[in-house]
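Peer 1: the sequence and its predicted three-dimensional model are supplied below.
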Amino acid sequence: MGHAAGGPKSALWISLLHGFLFLVADSGTESPHDITTMDISSRRFRAEFLQEWSGSPDAPYFDPSTPRNITGLVGHPVRLLCRVKNLQNRTVSWVRHRDIHLLTVGRYTYTSDQRFEAQHKPRSEEWALRIRSPQRRDSGQYECQISTTPPIGHAVYLNIVEPETSVSSGPELFIQAGSTINLTCTVRHTPEPPTSITWTHGDQIINFDSARGGISLVTEKGLKSTSRLLVQRARGADAGLYTCGPNNAPSASTRVHVLSGEHPAAMQQGCAKSTLDKTSSIVCCLIILYALTRTTFDNLQSGT
């Protein structure tokens, strides 16, 4: 049994020795027959070497079903995984591509950053890299490597995100008096759905049972939670800053302008005061242009 198990390795060492003996042989007395024999031996050596390390049916390889993209949350542990088949006596390591930093070797951690940890259960095919309390800067590519010659690797891309909240209308919303204020708040990347989403108008929490009436709220919770606020028959008093505040994510706000007959000037003033990005500025200008055109048309109609 022992002789059979050592067969391939013995053959490899014999081939190595055979190649070495040909290399140190007296080159001055080489004949065409010697050169041919040497070339055949060299090809045989290369073939056996490559078969031993890469082309062999029992060479190690990665399970292709292992995920290559992982998303984690800031401050919440994340686990990068690779599964290695037929590892034999090779070693598995994790490397961070950003700075070519060796993080783990086998079951041992080789970094001073104590947030990183090697995880492996004996006789398991899984080799994991666990990151406690990950931060946005930990995003990037990592590689699980097998110590073959040359090494082979399985790349995993890690994306660390943090909770975010947005309002669909953007930083500004212009509506006509008498129409409906329609605001949708979206909450993403939270560990669990928010238990509450509070809407405020200025400094006041919006009371859906107030004498104002015409206020409704529809909330859907999940991986992406939404809260839709509707304020019917908008009037001047409804203008102002509306803020959506989830209990487990940052808040987001939008400023609502309720416009009457003099709305073009009010819209121009609102666009000038707000710190808008390029897209929002273009949208704002288009709305102003539409309003000016509509006002001119109405004036012409009333003059006829």
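Peer 2: Perfect, I can see it now.

Peer 1: low-confidence regions, the stretch 51-200 of the chain specifically.
Peer 2: For the stretch 51-200 of the chain, the stretches flagged by pLDDT under 70 are 51-56.

Peer 1: surely Phe174 meets Leu259?
Peer 2: Yes. Using C-beta atoms under 8 Å, Phe174 makes contact with Leu259 at a distance of 5.9 Å. Every C-beta, even on glycine, is put in place using the N, C-alpha and C of the backbone.

Peer 1: find the nearest non-adjacent residue to Gln88, please.
Peer 2: Pro60 (6.5 Å; C-beta to C-beta, 6 or more residues apart in numbering).

Peer 1: count of neighbours near the one you found?
Peer 2: 19 (other C-beta atoms under 10 Å).

Peer 1: let me see the contact set for it.
Peer 2: Counting by C-beta atoms under 8 Å, 6 or more residues apart in numbering, Pro60 touches Val84, Lys85, Asn86, Leu87, Gln88, Arg90, Ile146, Thr148, Ile152.

Peer 1: rerun that using 10 Å as the cut-off
Peer 2: Pro60 makes contact with 53-54, 84-90, 92, 146-148, 152, according to C-beta atoms under 10 Å, 6 or more residues apart in numbering.

Peer 1: from the residues you listed, which is closest to Ser133?
Peer 2: Ser133 has its nearest neighbour among the contacts of Pro60 in Val92, at 24.1 Å by C-beta to C-beta.

Peer 1: and the closest one, what does it touch?
Peer 2: 60, 62, 82, 84, 104-107, 118, 120, 125-128, 144-147, 154.

Peer 1: what about 8 Å?
Peer 2: Cys82, Val84, Gly106, His120, Trp127, Cys144, Gln145, Ile146, Ser147.

Peer 1: look up how far Gln176 lies from the residue nearest to it when sequence neighbours are not counted.
Peer 2: Closest residue to Val92 apart from its sequence neighbours, by C-beta to C-beta, 6+ apart: Trp127 at 4.3 Å. Distance, Trp127 to Gln176, by C-beta to C-beta, to the nearest Å: 62 Å.

Peer 1: what about the nearest residue to Leu230 once chain neighbours are set aside, neighbour count?
Peer 2: The shortest distance from Leu230 to any non-neighbouring residue, by C-beta to C-beta, 6+ apart, is to Ser216 (4.7 Å). Using other C-beta under 10 Å, Ser216 has 11 other residues around it.

Peer 1: does Ser216 sit in a helix, a strand or a coil?
Peer 2: The local conformation at Ser216, judged by DSSP: H, G, I helix; E, B strand; the rest coil, is strand.

Peer 1: and it, what does it touch?
Peer 2: Ser216 sits in contact with Phe208, Leu229, Leu230, Gln232, where contact means C-beta under 8 Å, 6+ apart.

Peer 1: who does the helix or strand harbouring Tyr242 pair up with?
Peer 2: Element membership for Tyr242 (DSSP states H and E) is strand 240-246. When pairing is defined by DSSP bridges, strand 240-246 lines up against strand 197-201 (antiparallel), strand 252-259 (antiparallel).

Peer 1: right, so of the ones you listed, which gets closest to Arg137?
Peer 2: Of all those, it is strand 252-259 that lies closest to Arg137, at 24.3 Å by C-beta to C-beta.

Peer 1: rounded mean pLDDT for that closest one, please.
Peer 2: Averaging pLDDT along strand 252-259 gives 96.

Peer 1: can you give me the buried ones in that strand?
Peer 2: Ala252, Thr254, Arg255, Val256, His257, Val258, Leu259 (16 or more other C-beta atoms under 10 Å).

Peer 1: what's the answer for stretch 215-224, then?
Peer 2: Residues of stretch 215-224 classed as buried by neighbour count (16+ other C-beta under 10 Å): Ile215.

Peer 1: separation between the closest residue to Val231 other than its chain neighbours and Gly140?
Peer 2: Using C-beta to C-beta, 6+ apart and skipping residues adjacent in sequence, the residue nearest Val231 is Ile181, 3.9 Å away. To Gly140, Ile181 is 42 Å away according to C-beta to C-beta.

Peer 1: try Val218
Peer 2: Distance, Val218 to Gly140, by C-beta to C-beta: 39 Å.

Peer 1: give me the more crowded residue out of Trp127 and Gln176.
Peer 2: More neighbours surround Trp127 than the other of Trp127 and Gln176, with 26 against 13 (other C-beta under 10 Å).

Peer 1: on that earlier part again, of Ile181 and Gly140, who's got more company?
Peer 2: Between Ile181 and Gly140, counted using other C-beta under 10 Å, Ile181 has the larger neighbour count: 22 against 14.
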